[in-house]
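Undergrad: Following is a predicted model, sequence given first.
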Amino acid sequence: MPNRSNAIGKIGIFYIGLLLLPGLTGCAPAIVAGGATAVAAVGERRGPQEFVEDNWVAVKIRSLYLQSDSVSPGNINVSVYRGRVLLTGTASSEIEIAEAIRIAKEVRGAWSVHSELKVQYATVAEITEDSVISNKVKLALLAEQEVRGLDIHVETTKGVVYLLGSARSVEERDRAIRAARQVSNVREVVSYIDIDKQAYPVSK
């Protein structure tokens with residue numbers, strides 16, 4: 001039988017290495033607690049291989065945005081879960097949005113691309129508030145006993161919260177949405193949570 005402690009340790013070290021890569025912050029749920037980064041990869045419904053592949057897809061997309069003359073990467077959030085890419089944030093024009101989507105679709109491993117990018121401007125105060133909201137929603141999901149919060153990515157733009165991930169049932173998905181809606185200053189919740197009945201239960 002494989003040594004679970006060693007497996008967790010190796011995955012944790014690799015995960016920390018991924019987080020140190022430029023532009024990766026925010027790809028996976030961030031939890032500030034001792035040893036939590038190691039648990040993040042193991043505690044998800046995604047296997048370690050899916051976890052790593054999703055992070056590399058996000059890194060590749062961000063890297064291509066940095067190389068593009070038409071995309072402002074600092075305004076675009078890239079979330080990836082099981083090959084599903086969700087783009088959120090702001091853009092200066094419809095041309096920039098189209099280019100951001102095109103680039104993401106061409107990345108190997110990006111099986112589908114969903115865009116919630118909008119032509120709008122966010123002030124520093126709004127960006128700061130959105131970050132606070134995202135962190136509060138993440139904590140709310142982790143506190144919800146019937147929701148596996150590690151399986152849900154959270155991004156916020158101008159008070160609109162976007163959820164990407166998987167749930168084992170409609171009930172779990174709806175609990176996650178309700179938990180997000182109850183966070184202060186949340187204007188709207190947009191769900192990209194898939195139902196995966198084969199996923200292991202929350203209680204495990």
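TA: The structure has been received and is ready for your questions.

Undergrad: Domains in the protein, by residue range?
TA: Split into domains by automatic domain parsing, the chain comes to 4-119, 124-195.

Undergrad: Rounded mean pLDDT for the shortest one, please.
TA: What it means is domain 124-195. For domain 124-195, mean pLDDT is 96.

Undergrad: swap in the first one?
TA: Averaging pLDDT along domain 4-119 gives 75.

Undergrad: my guess is Ile61 meets Val78, correct?
TA: Yes. In terms of Cβ atoms under 8 Å, Ile61 counts as a neighbour of Val78; the distance is 5.1 Å. For the C-beta atoms, the positions are set from N, CA and C on the backbone; glycine is no exception.

Undergrad: Give the residues shared as contacts by the two.
TA: By the contact definition Cβ atoms under 8 Å, 6 or more residues apart in numbering, Ile61 and Val78 are jointly contacted by 85, 104.

Undergrad: mind listing the strands in this structure by residue range?
TA: 76-81, 84-91, 112-115, 118-119, 152-157, 160-167, 188-195 (DSSP state E).

Undergrad: quick one, which of the ones you listed is packed in tightest?
TA: Ranked by mean neighbour count, these are led by strand 152-157 with a mean of 27 (mean count of other Cβ atoms under 10 Å).

Undergrad: neighbouring strands for that strand, and are they parallel or not?
TA: strand 160-167 (antiparallel) (DSSP bridges).

Undergrad: Now that we have the strands of the chain, can you turn them into a markdown table and tack on distance to Gln182?
TA: Below are the strands of the chain laid out as a markdown table (distance: least, Cβ to Cβ, whole Å):
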| stretch | distance to Gln182 |
| --- | --- |
| strand 76-81 | 22 |
| strand 84-91 | 21 |
| strand 112-115 | 24 |
| strand 118-119 | 24 |
| strand 152-157 | 14 |
| strand 160-167 | 11 |
| strand 188-195 | 10 |
